[in-house]
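Undergrad: model this:
(one chain, ligands or ions: 1)
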Amino acid sequence: MLFIIGLGLGDERDITLRGLEAVKSCEKVYMESYTSLLSFGLDSHGLSNLEKLYGKTITLADREMVEEKAHHILEEARHSHVAFLVVGDPFGATTHTDLVVRAKKMGIHVQSVHNASVMNAIGICGLQLYRYGETVSIPFFTDSWRPDSFYEKIHSNRTMGLHTLCLLDIRVKEPTLESLARLGLVWFGLVYSTSSSWFYSLLMHFFFRGRKTYEPPRYMTINTAIEQLLEVVQERQQPAYTEDTQCVGFARLGSDDQMIIAGTMKQLQMVDFGAPLHCLVITGNTHPLEEEMLEFYRCRT
Ligand SMILES: C[S@@+](CC[C@H](N)C(=O)[O-])C[C@H]1O[C@@H](n2cnc3c(N)ncnc32)[C@H](O)[C@@H]1O
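TA: Numbers count the residues shown, from 1 in each chain. This next block holds a predicted model:
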């Protein structure tokens, strides 16, 4: 049996009673560490807090592990109870649906335990959840890669008067350019080697695999997101939004030190929202009651 269990947004105490019971019944517990993180996940004691409360050893499952070793996790779930913990709600990110589909295709029984998600916690600012359009993801721009497909979605939402939730990029365990280059060289060796050097190339491949190095984790801030959003509208006629468009910035939702500030893009760009995670809402048309609630969070600078 595979239990896919939402942990909520705050800390280890946000698991539901049903979730806790499920974790305690499992022989193996994995926790995904790439689509989100708990506020205390930044601290090296974070995992042990979870382990203490749940009374289980937890194996961190990064993207590489879930993509490359999902079969192994699922094979374990065929014969025993396995928990897969997800920060927020298991279905608050598209990634975990794939694991569920694979499990069901293998005939493994799947049980989901829901919890609070960023998708509903943003309701705290007073913008009505049923007045949102399509959610967008904003990726980090690089010198050569500046994808702006989120713009059309925001445009379409705002044309319909709907709010837009912008989820901000998380980069964890990104291989360094150096290790990518090494890997490329090894593959080049594998493909072009003669039969006599084939075994040598294979050895090299495994040698370098063990020494893959990673960039430090990066979490997009609201400030960077706004900078990129404004860059994308620079050349557009009748842009979907401007620096004077009303937004709401959220940091560490669900934690004791969560921050929620409403203001124009220009105003929010000047705010220091502190530690991750951050997300941003671009408002559509607002109802007077929504405006009344936003007043409690208004930026005073
Ligand atoms: C793919 S979503 C993960 C959703 C998660 N499974 C859930 O249900 O909440 C990750 C993005 O949501 C936003 N996010 C997640 N948790 C957040 C929090 N506590 N406060 C602010 N933004 C958050 C960030 O922009 C982050 O990059």
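
Undergrad: can you show me the helices along the stretch 101-250 of the chain?
TA: Assigned helices in the stretch 101-250 of the chain, in chain order: 118-121, 149-159, 177-192, 195-209, 222-233 (criterion: DSSP state H, counting those that start in this stretch).

Undergrad: mind telling me which of those the model trusts least?
TA: Between the helices of the stretch 101-250 of the chain, the one with the least mean pLDDT is helix 195-209; it has a mean of 53.

Undergrad: pretty sure His96 sits against Gly88.
TA: No - here His96 does not reach Gly88: they are 10.2 Å apart, not a contact under C-beta atoms under 8 Å. For every residue, glycine as well, the C-beta is placed using N, CA and C.

Undergrad: who's more crowded, the two?
TA: Taking other C-beta atoms under 10 Å, His96 and Gly88 do not tie; Gly88 has more neighbours (26 against 20).

Undergrad: nearest residue to that one in space, ignoring adjacent ones along the chain?
TA: Excluding its sequence neighbours, the residue lying closest to Gly88 (C-beta to C-beta, 6 or more residues apart in numbering) is Ser117, at 4.3 Å.

Undergrad: now the one you found: phi and psi?
TA: phi -130, psi 160 (degrees, to the nearest 10).

Undergrad: from the ligand, how far out is it?
TA: For Ser117, the distance to the ligand equals 3 Å [C-beta to the nearest ligand atom, to the nearest Å].

Undergrad: and that residue, what's its pLDDT?
TA: With respect to pLDDT, Ser117 scores 96.

Undergrad: how about the contacts made by the residue most central in space within the chain?
TA: The chain has Thr35 as the residue nearest its centroid, 2.9 Å off, counting by C-alpha atoms, centre = their mean. Listed by C-beta atoms under 8 Å, 6 or more residues apart in numbering, the contact set of Thr35 reads 86-87, 93, 95-96, 170.

Undergrad: likewise Asn285?
TA: Neighbours of Asn285 in contact, by C-beta under 8 Å, 6+ apart: Gly161.

Undergrad: now swap in Asp89 and tell me
TA: Shown in contact with Asp89 (C-beta under 8 Å, 6+ apart): 6, 114-117, 119.

Undergrad: which one of the residues you listed is nearest Tyr30?
TA: Nearest to Tyr30 out of the contacts of Asp89 is Gly6 (C-beta to C-beta; 14.0 Å).

Undergrad: what does the stretch 101-250 of the chain put close to the ligand?
TA: Contact residues, the stretch 101-250 of the chain versus the ligand (C-beta under 6 Å from any ligand atom): 117-119, 167-168, 170, 250.

Undergrad: just put the residues you listed in TSV and tack on neighbour count.
TA: Below are these laid out as TSV (neighbours: other C-beta atoms under 10 Å):
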residue	neighbour count
Ser117	22
Val118	21
Met119	18
Leu167	22
Leu168	20
Ile170	17
Phe250	24
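
Undergrad: any weak-confidence spans in this structure?
TA: Per-residue confidence for the chain (pLDDT under 70) gives these ranges: 36-47, 179-180, 182-211.

Undergrad: give me the domain ranges for it.
TA: Here the domain parsing of the chain from automatic domain parsing is 2-116, 119-171+217-295, 177-209.

Undergrad: would you list the ones you listed in JSON lines and tack on distance to Thr301?
TA: Below are the domains of the chain laid out as JSON lines (distance: least, C-beta to C-beta, whole Å):
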{"stretch": "domain 2-116", "distance to Thr301": "25"}
{"stretch": "domain 119-171+217-295", "distance to Thr301": "7"}
{"stretch": "domain 177-209", "distance to Thr301": "39"}
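
Undergrad: wasn't the residue nearest to the centre of the chain part of a strand?
TA: No - per DSSP: H, G, I helix; E, B strand; the rest coil, Thr35 lies outside any strand segment and is coil.

Undergrad: show me where the protein has its strands.
TA: In the chain, the segments counted as strands under DSSP state E are 2-6, 28-32, 58-61, 82-86, 110-113, 136-138, 164-168, 170-171, 218-219, 246-251, 259-264, 278-282.

Undergrad: distance to Glu51 for these - can I get that in a markdown table?
TA: As requested, the strands of the chain are exported to a markdown table (distance: least, C-beta to C-beta, whole Å):
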| stretch | distance to Glu51 |
| --- | --- |
| strand 2-6 | 15 |
| strand 28-32 | 9 |
| strand 58-61 | 5 |
| strand 82-86 | 11 |
| strand 110-113 | 18 |
| strand 136-138 | 31 |
| strand 164-168 | 28 |
| strand 170-171 | 23 |
| strand 218-219 | 24 |
| strand 246-251 | 26 |
| strand 259-264 | 29 |
| strand 278-282 | 27 |
